[in-house]
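Asks: okay, here's the prediction I keep looking at, along with the sequence it came from:
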Amino acid sequence: MLSNRPKLSPELRKFDKVVNILGWISFAGFLASILSIYDKLPDVIPIHYSLSGEADRWSSKSEVWTLIAVVGIVFSLLTFFAHRPRLFNIPVRITKANAQIKYDLVARMIRITRLTITLFFLGFIWIVFLEYNSYLSWLITIGVVVIIFPVFYYYWKLLSDNT
């Protein structure tokens, strides 16, 4: 029933603007990090890790371009939906009375998730390619929690807000 939802844009508060800027900075940092080390990478690099942080799949360094593409697509999709939360699958009934509040919550959740995902991959690049692999299992554990927490938190806020 997307056609019945009010067509409003999310209101950006100062916090939203900061998260948005940090998301773009972390994405640029991710790209810059890969591009600055690409020529220095060995021809064969680890491309998959177990939860314990051990490399369990290896491939050509050209696989880095796949990582860039995947992160770029995820970043782009999240950016698209952050500007158009009306199109996002919101688990509550949207009315004219609650639309702005719900859209703002969803847009904020998406922006924070986009930031945490790009920070995760930026950290991953630094840990793996600077050969600090002993920290990888910590990054995976903390990264998953930090990425998932805002989703659950804002989902709870969407459901618990009585507007």
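Replies: On my side now, so go ahead. Nothing here was measured: the structure is a model prediction, and the numbers come from that model.
Asks: only C-alpha atoms for contact and neighbour calcs from this point on.
Replies: Fine.
Asks: C-terminal to the longest helix out of those in the chain, what's the next element?
Replies: Criterion DSSP state H: the longest helix present in the chain is helix 99-129. The helix or strand immediately downstream of helix 99-129 is helix 136-160, counting by DSSP states H and E.
Asks: and the contacts of that next one?
Replies: For helix 136-160, contacts defined as Cα atoms under 8 Å, 6 or more residues apart in numbering pick out 51-53, 91-92, 102, 105-106, 109, 112-113, 116-117, 120, 123-124, 127-128.
Asks: in ChimeraX, how would I select the buried members of these?
Replies: Of the contacts of helix 136-160, the buried ones can be selected in ChimeraX as follows, counting by 16 or more other Cα atoms under 10 Å:
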select :53,102,105,106,109,112,113,116,117,120,123,124,127,128
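Asks: mind giving me the packing neighbours of the helix or strand where Ala32 lies?
Replies: Following DSSP H and E, one finds Ala32 within helix 14-37. Packing partners of helix 14-37 (3 or more Cα pairs under 8 Å, 6 or more residues apart in numbering; DSSP states H and E): helix 64-83, helix 99-129.
Asks: in it, what's buried?
Replies: For helix 14-37, the neighbour count (16+ other Cα under 10 Å) marks Asp16, Val19, Asn20, Leu22, Gly23, Trp24, Ser26, Phe27, Gly29, Phe30, Leu31, Ile34 as buried.
Asks: Ser33 touches Ile127, doesn't it?
Replies: No: using Cα atoms under 8 Å, Ser33 is not in contact with Ile127, being 11.4 Å away.
Asks: about what we covered before: between the helices and strands packed on helix 14-37, which gets nearest to Pro46?
Replies: With respect to Pro46, and counting by Cα to Cα, the nearest of the helices and strands packed on helix 14-37 is helix 99-129 at 8.5 Å.
Asks: looks to me like Pro10 is in a helix.
Replies: No: under DSSP: H, G, I helix; E, B strand; the rest coil, Pro10 sits outside any helix and is assigned coil.
Asks: which residues touch the residue nearest to it when sequence neighbours are not counted?
Replies: Sequence neighbours aside, Asp104 is the residue nearest to Pro10 in space, at 4.9 Å (criterion: Cα to Cα, 6 or more residues apart in numbering). Contacts for Asp104 (Cα under 8 Å, 6+ apart) come out as Pro10, Glu11, Leu12, Pro85.
Asks: separation between the third one and Trp126?
Replies: When you say that, I think you mean Leu12. Per Cα to Cα, to the nearest Å, Leu12 is found 31 Å from Trp126.
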